[in-house]
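In: curious how this folds, go ahead:
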Amino acid sequence: MAYDFDLFVIGAGSGGVRASRIAASHGARVAVAEEYRVGGTCVIRGCVPKKLLVYGSKFAHEFEDAAAYGWTGLAPAHDWATLRDTVAKEVDRLNAVYIRLLEGPGVKIHMGRGRLMDRHTIAIGGPNGEQTVTADKILICTGGRPEVPDLPGREFAITSNEAFHLPELPKHVTIVGGGYIAVEFAGIFNGLGAKVDLVIRRDRVLRGFDEECRTFVHEALAKGGIKMRTETQIARITATPDGQGGGKAPFQVHTPLGGMFETDLVMYATGRVPNTAGIGLEKVGVQLNKAGAIAVDEWSKTTAENIWAVGDVTDRINLTPVALMEGHCFADTVFGNKPRKPDHRDVPSAVFCQPEMANVGLSEEDARRTLGELRVFTSAFTPMKYSFTAHKQRTFMKLIVEAATDKVVGCHMVGDDAAELIQGLAVAVKAGATKAQFDATVGIHPTAGEEFVTMRTPRAEPAPRKAAAE
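Out: Residues are numbered from 1 along each chain as shown. Prediction:
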């Protein structure tokens, strides 16, 4: 049977764009459907615009620190509309870049929602009605979306999607959640001058990360002025009577035990869910896993013979560079005659909270569960930049070493430029570098990064081995 395309991709986010253009460069006839904007969550309403907001919010501390270095007369006022609109223009530019990335190798772009009618037929709904195309192979890259739990007053809450387009900066922001999106936006709003409450169901932020690092971040956020409402849940959100007048905040947040506080904005950042609903997966035999994500094998293949999936919709490691890797591996394997599997080991990641946190490899807790004897090296200090400033932001570094092999199996940092430093160290961890090789590396002085190659005394010696049974 002759198909309209060799490959049809549903979703033009990071994974979909990479897979489409690489497959096309291998000679495949490729089309992609996107219902919102080409570029996906990361480029349009995720990590790129979010980090630009982080940059904007950090200037408040920079102005404070500048006084200690002799700069006077600095009393700036921030204009939210300028930052918001500048970021939006940059997103528009990147959206156009991603369109060109697809058009260059000849990928056909369909603006509309793609739905599977059968294993080779895709219906695309758009402003001019629905059209149908056929394809030999199909790749699903529909990503994920933020979710607000089903509670009374959920209609009063926003998510990270809407946070980029606020008409004005609220005076008091309540963020619900303790994950990376929650702590990043807490830092953004706090830096821009808003009062921020962070509502966390557990005792600390960033569950799943190294315990020492998450404690360090949690304490730094509190010290930076964010109100940490730990071990707290939201029962309902109500509109304040006459909230728009008389100086009252427009919303009331109620806790299960009868507590209540007022706020100007409630933002939910309690998790994201894979975009699997309404795209016809059940019609073609694509199964979901227990988390509601598309189940795939090590080659990103689904339970349908000619259908693959990559990126957040598969809920493996939900990071943009991982989606890019998975999409590239798929295209090389299926269309480039260069079979290769995505490698999910030692993937570095960062949380752009304030202070910033980044890591590669295992947390101490995971390493103890899987490796046994360890040597752990830590260092906490005030960087030179803050030696005599009023704003004291400390840095924390950690190396986790497998005792039997001397390999560095985990590298963690909280502090300025953590992501930049860990990206370089990720190469060493990926290559299997040993602590002896770290020690033999000459540091760059004076930098914070040199601390990674000068830590000599382990925090705790490994427990002695048990004698073998006679």
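
In: show me what the strand of greatest length in the chain is in contact with.
Out: Counting residues, the longest strand found in the chain (DSSP state E) is strand 129-140. For strand 129-140, contacts defined as CB atoms under 8 Å, 6 or more residues apart in numbering pick out 3-11, 16, 19, 31, 110, 112, 116-117, 119-124, 279, 281, 286, 294, 302, 306-310, 313, 327, 330, 334. Glycine gets a C-beta too; all of them are placed from N, C-alpha and C.

In: how about stretch 278-292: buried residues?
Out: The neighbour-count check on stretch 278-292 (16 or more other CB atoms under 10 Å) flags 279-281, 284, 286, 288 as buried.

In: hang on, the earlier thing: how about the longest strand of the chain: buried residues?
Out: Of the residues in strand 129-140, those buried (16+ other CB under 10 Å) are 133-140.

In: which residues of the stretch 251-400 of the chain fall in helices?
Out: 281-284, 320-335, 364-370 (DSSP state H, counting those that start in this stretch).

In: redo those helices as a markdown table? Include mean pLDDT and distance to V173.
Out: Shown next, in a markdown table, are the helices of the stretch 251-400 of the chain (pLDDT from 0 to 100; distance: least, CB to CB, whole Å):
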| stretch | mean pLDDT | distance to V173 |
| --- | --- | --- |
| helix 281-284 | 96 | 37 |
| helix 320-335 | 98 | 26 |
| helix 364-370 | 97 | 32 |
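
In: looking at the ones you listed, which is closest to F189?
Out: helix 320-335 (23.2 Å; CB to CB).

In: export the closest one to PDB, keeping only CA atoms.
Out: Extracted C-alpha coordinates of helix 320-335, given in PDB (Å, rounded to 0.1, in the frame of the first residue of the first chain):
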ATOM      1  CA  THR A 320      14.000  18.200  27.100                       C
ATOM      2  CA  PRO A 321      17.500  16.800  26.300                       C
ATOM      3  CA  VAL A 322      16.200  13.300  27.000                       C
ATOM      4  CA  ALA A 323      13.400  13.800  24.500                       C
ATOM      5  CA  LEU A 324      15.900  15.100  22.000                       C
ATOM      6  CA  MET A 325      18.100  12.000  22.500                       C
ATOM      7  CA  GLU A 326      15.100   9.600  22.300                       C
ATOM      8  CA  GLY A 327      13.800  11.300  19.100                       C
ATOM      9  CA  HIS A 328      17.300  11.200  17.500                       C
ATOM     10  CA  CYS A 329      17.800   7.600  18.400                       C
ATOM     11  CA  PHE A 330      14.400   6.700  16.900                       C
ATOM     12  CA  ALA A 331      15.100   8.400  13.600                       C
ATOM     13  CA  ASP A 332      18.600   7.000  13.300                       C
ATOM     14  CA  THR A 333      17.400   3.500  14.100                       C
ATOM     15  CA  VAL A 334      14.300   3.400  11.900                       C
ATOM     16  CA  PHE A 335      15.300   5.600   9.000                       C
END
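
In: make residue 1 into 43 and carry on from there
Out: Sounds good: first residue 43 from here, last item helix 362-377.

In: that helix - contacts with which helices or strands?
Out: In this structure, helix 362-377 packs against strand 47-52, helix 56-67, strand 171-182, with contacts taken as 3 or more CB pairs under 8 Å, 6 or more residues apart in numbering; DSSP states H and E.

In: returning to that earlier point: run me through the strand neighbours of the longest strand of the chain, direction for each.
Out: strand 47-52 (parallel), strand 163-168 (antiparallel), strand 349-351 (parallel) (DSSP bridges).

In: dump the ones you listed into JSON lines; add distance to P191 and mean neighbour count as well.
Out: Below are the strands paired with strand 171-182 laid out as JSON lines (distance: least, CB to CB, whole Å; neighbours: other CB atoms under 10 Å):
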{"stretch": "strand 47-52", "distance to P191": "27", "mean neighbour count": "27"}
{"stretch": "strand 163-168", "distance to P191": "29", "mean neighbour count": "18"}
{"stretch": "strand 349-351", "distance to P191": "26", "mean neighbour count": "27"}
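
In: give me the low-pLDDT residue ranges for this protein?
Out: 43, 284-289, 502-512 (pLDDT under 70).

In: can you list the helices and strands packed on helix 362-377 in TSV and add distance to V80?
Out: Below are the helices and strands packed on helix 362-377 laid out as TSV (distance: least, CB to CB, whole Å):
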stretch	distance to V80
strand 47-52	11
helix 56-67	7
strand 171-182	15
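
In: need the longest helix for the chain.
Out: Longest helix of the chain, by residue count under DSSP state H: helix 122-145.

In: which members of the buried residues of strand 171-182 are the farthest-apart pair?
Out: Largest pairwise distance in those, by CB to CB, is 16.1 Å, between T176 and I182.
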